[in-house]
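*Asks:* sequence and predicted structure, then a few things I'm wondering about:
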Amino acid sequence: MVYRRIFDDAISRLKDERRYRVFADLERDAEAFPRALWRRSKDCAEEIVIWCSNDYLCMGRHPDVIGAMTQAAARHGVGSGGTRNISGTNHPLVELEAELADLHGKEAALVFTSGWISNLATISTIGDLLPNCLILSDQLNHNSMIEGVRRSKAERKIFRHNDLAHLEELLAEAGHERAKLIVFESLYSMNGDIAPIGQIADLAKRYNAMTYMDEVHAVGLYGPRGGGIAERDGVMDRIDVIEGTLAKGFGTLGGYIAASEAIVDAVRSYAPSFIFTTALPPAVAAAANTAVRFLKQRQGAELRALHQRQAMLTKHALSAAGLPVMANPSHIVPVLVGDAELCKAATDMLLERHSIYIQPINYPTVAKGTERLRITPGPLHTDAHVAHLVESLVDVWHSLKLSFVEKPKILEFKREADAHCTYPEFKRAAE
Ligand SMILES: *Cc1c(COP(=O)(O)O)cnc(C)c1O
C-alpha cells in the first residue's frame, strides 16, 4: 500500500474533471471594501475588487460591529473557555440568543459555531426524537441540511425543487398520523429563487407536518427588521424552526435556530454537535449582536434598500449588455457559462486582466452543464464598479467566445431606484 499515491490520485481525478479548487490569497480592506489586496505571489500584491462575498451587507467591516468585537475582546478575553455545558456560556451569547428569538418572533433561539453545524445538529436531532419520522427534503437543499437528514435515523424522501404538488403527494402517502418534517430553504443561493413558504406551511398544516426552514441567504437582507423572506411575507409564525447564519448578512461567524422553547431545549440537550464543541467566543457574539440590532432599525432598512438597488442595477446592466444572467427575484446574480473549464478560464481572466475576483461555481455545487459565475453585489459597490464589471465581463465573453443573449431586455431601472437611495455611506463612497 503506497498511501501517498491514493491522495495524489484523488487530486488528479479532480484536476481531470476541472474540479480542483484554488483559493485566492486575499487581504480584505475594512475601510475600502469591496476593494482588497490579492497576494498573487510571494512578492507581488495587486488591488482587486471582490464581487462574490457572502458578507452581503458589508456588516463584517461596519465600524459599530468592529467596535463591539474589539471592546468585548478587551473586556472578556478572546476564547469562550469551553463548551456551553462546561463554561462557555458567556453573557453576550445569552443576549444574542434573546435578540435572535425576537428577530424571528419565536420563544427561544440557540446559537451554534456555524450555520452548517446548526443544520446538521437540529435536523438530525428532531428526526431522531420524532418517533418513526419521515423527513421530506427539497431536492436543492444545501449540503449541511442533507448531512442532517442523513445523520438522523429517520426515513427520508426528496421532493422536486419547490414542487408543491410533489410535496403534497408525499405528505398524503405518509398519512395524517405519521410524524413528518418538511426541510427546505427560503432563498436558494445558487439560483437565487425563493420558496413558496406560505403554501408549504398550508400543506404542513393540512397534513399535520412540522416545518424546518433555512433562511441563511435572507436573514439581515429581507423583511422590515431583517428577519428574512418569512418576515417579508408575514409567515414567520407558520414555520416551526427557522435556521440562520451569523456569517453572511450579519457579517461575523456562527449559526442559529429560532423556535419554541420546547424544541430549542430539546436540541440544546440532545445534539452532540452542540454539546461537545466549544462555544462561540463572547467577542464574536457581541459583534453579531450589534449587527443584528443595527439591521433591525431604520438604518438597516436603508442598507437593505441600497443592497437591493445595487443588485438590481448589476442584473439589469449585465442583461442589457447581452450577458446570460439567470433570472430570479433576489439579490443573487448568476451568469451562466455552462462548462467547467470555461467557467474557470473566465474567472482567471477576470482576476488577471481586470482585477475582478469572482469564484467559478462548478459541479458538485451546481449540476454539470450549469456552471456559472455567481455575482453578489453589495451596498458598497458603486455604479462605477458596476460599469467596470460589465465592460470586463463583455471583454472576457468575447475573448473566450462565450455566447451572448440575442435580444437583451433593456429596462429603465436606475432613476426609480435612486429616488429610494438615502444611505450616507454610499453617497460618500460614490463621490
Ligand atoms: C452557507 C450556508 C450554510 C452554512 O452556514 P455557515 O454559517 O457558513 O456554516 C447553511 N445553509 C446554506 C443554504 C448556506 O448557503
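*Replies:* Here it is on my side, so go on. If you're wondering where the values come from, they're calculated on a predicted model, not measured in any experiment.
*Asks:* who's in contact with the residue of the chain found nearest the ligand?
*Replies:* Using Cβ to the nearest ligand atom, the closest approach of the chain to the ligand is made by residue 115 at 2.4 Å. C-beta coordinates here come from the backbone N, C-alpha and C atoms, glycine included. Residues near residue 115 by Cβ atoms under 8 Å, 6 or more residues apart in numbering: 144, 214, 216, 243-248, 254-256.
*Asks:* inside helices: which ones of the residues you listed?
*Replies:* The helices, defined by DSSP state H, take in residue 144 from the contacts of residue 115.
*Asks:* of the contacts of residue 115, list those near the ligand.
*Replies:* The residues of the contacts of residue 115 that also fall near the ligand, by Cβ under 6 Å from any ligand atom, are 144, 214, 216, 245, 247, 255.
*Asks:* among those, which two are most distant?
*Replies:* Farthest apart among these by Cβ to Cβ are 214 and 247. That separation is 13.2 Å.
*Asks:* neighbour count winner among these two?
*Replies:* Between residue 214 and residue 247, counted using other Cβ atoms under 10 Å, the more crowded position is residue 214 (32 against 20).
*Asks:* tell me the bridge partners for that one.
*Replies:* residue 185, residue 243 (DSSP bridges).
*Asks:* pretty sure it is touching residue 185, no?
*Replies:* Yes - Residue 214 lies in contact with residue 185 (Cβ atoms under 8 Å); the separation is 4.3 Å.
*Asks:* give the residues shared as contacts by those two.
*Replies:* By Cβ under 8 Å, 6+ apart, the residues touching both residue 214 and residue 185 are 141-142, 145.
*Asks:* selecting buried members of these in PyMOL, what would you type?
*Replies:* Selection of buried members from the shared contacts of residue 214 and residue 185 for PyMOL, criterion 16 or more other Cβ atoms under 10 Å:
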select buried, resi 141+142+145
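*Asks:* closest one of the shared contacts of residue 214 and residue 185 to residue 319?
*Replies:* Nearest member of these to residue 319, counting by Cβ to Cβ, is residue 142, at 27.1 Å.
*Asks:* within range of the ligand, give me the residues from the protein.
*Replies:* 114-116, 119, 142, 144, 185, 189, 214, 216-217, 245, 247, 255.
*Asks:* 8 Å - rerun?
*Replies:* 54, 114-119, 141-145, 185, 188-189, 214, 216-217, 243, 245-248, 253-255 (Cβ under 8 Å from any ligand atom).
*Asks:* give me the buried subset of these.
*Replies:* Buried among the residues of the chain next to the ligand (16+ other Cβ under 10 Å): 54, 114-119, 141-142, 144-145, 185, 188-189, 214, 216-217, 243, 245-248, 253-255.
*Asks:* so which of those residues are in strands?
*Replies:* Among these, the members falling in strands are 185, 214, 243, 245, 255 (criterion: DSSP state E).
*Asks:* can you pick out the most distant pair from these?
*Replies:* 185 and 255 (13.7 Å).
*Asks:* give me the common contacts of those two.
*Replies:* residue 216.
*Asks:* can you give me the helices for the stretch 301-431 of the chain?
*Replies:* 340-354, 383-399, 414-419, 424-430 (DSSP state H, counting those that start in this stretch).
*Asks:* so what's the residue nearest to residue 27 when sequence neighbours are not counted bridging to?
*Replies:* Using Cβ to Cβ, 6 or more residues apart in numbering and skipping the chain neighbours, the partner closest in space to residue 27 is residue 37 (4.1 Å). For residue 37, the beta-bridge partners are residue 27, residue 47 (DSSP bridges).
*Asks:* model confidence at residue 37, what's the number?
*Replies:* Note on residue 37: pLDDT of 97.
*Asks:* repeat for residue 429
*Replies:* Value listed for residue 429 in the pLDDT field: 40.
*Asks:* equivalent analysis for residue 22, please.
*Replies:* 88.
*Asks:* what do you get for the one 5 residues further on?
*Replies:* Model confidence at residue 27, given as pLDDT, is 96.
*Asks:* that one contacts residue 36, doesn't it?
*Replies:* Yes - with contacts counted by Cβ under 8 Å, residue 27 reaches residue 36, the gap being 5.9 Å.
*Asks:* neighbour count: the two, which is higher?
*Replies:* residue 36 (21 against 9).
*Asks:* now do the contacts for that one.
*Replies:* So residue 36 contacts 26-29, 47-50, 357 (Cβ under 8 Å, 6+ apart).
*Asks:* how about a cut-off of 10 Å?
*Replies:* 24, 26-29, 45-50, 53, 355, 357 (Cβ atoms under 10 Å, 6 or more residues apart in numbering).
*Asks:* same question, residue 75
*Replies:* 92, 282-283, 286.
*Asks:* only the buried residues of the helix or strand hosting it, if you could.
*Replies:* According to DSSP states H and E, residue 75 maps onto helix 63-76. Buried residues in helix 63-76, defined by neighbour count with 16+ other Cβ under 10 Å: 65-66, 68-69, 72-73, 76.
*Asks:* next, count neighbours for residue 32.
*Replies:* 14.
*Asks:* could you do residue 157 as well?
*Replies:* Residues near residue 157, counting by other Cβ under 10 Å: 17.
*Asks:* can you check residue 403 too?
*Replies:* Neighbour tally, residue 403, other Cβ under 10 Å: 12.
*Asks:* that one reaches residue 397, doesn't it?
*Replies:* Yes - if you go by Cβ atoms under 10 Å, residue 403 and residue 397 touch, sitting 8.0 Å apart.
*Asks:* overlap in contacts of those two?
*Replies:* Common neighbours of residue 403 and residue 397 (Cβ under 10 Å, 6+ apart) are 322-324, 337.
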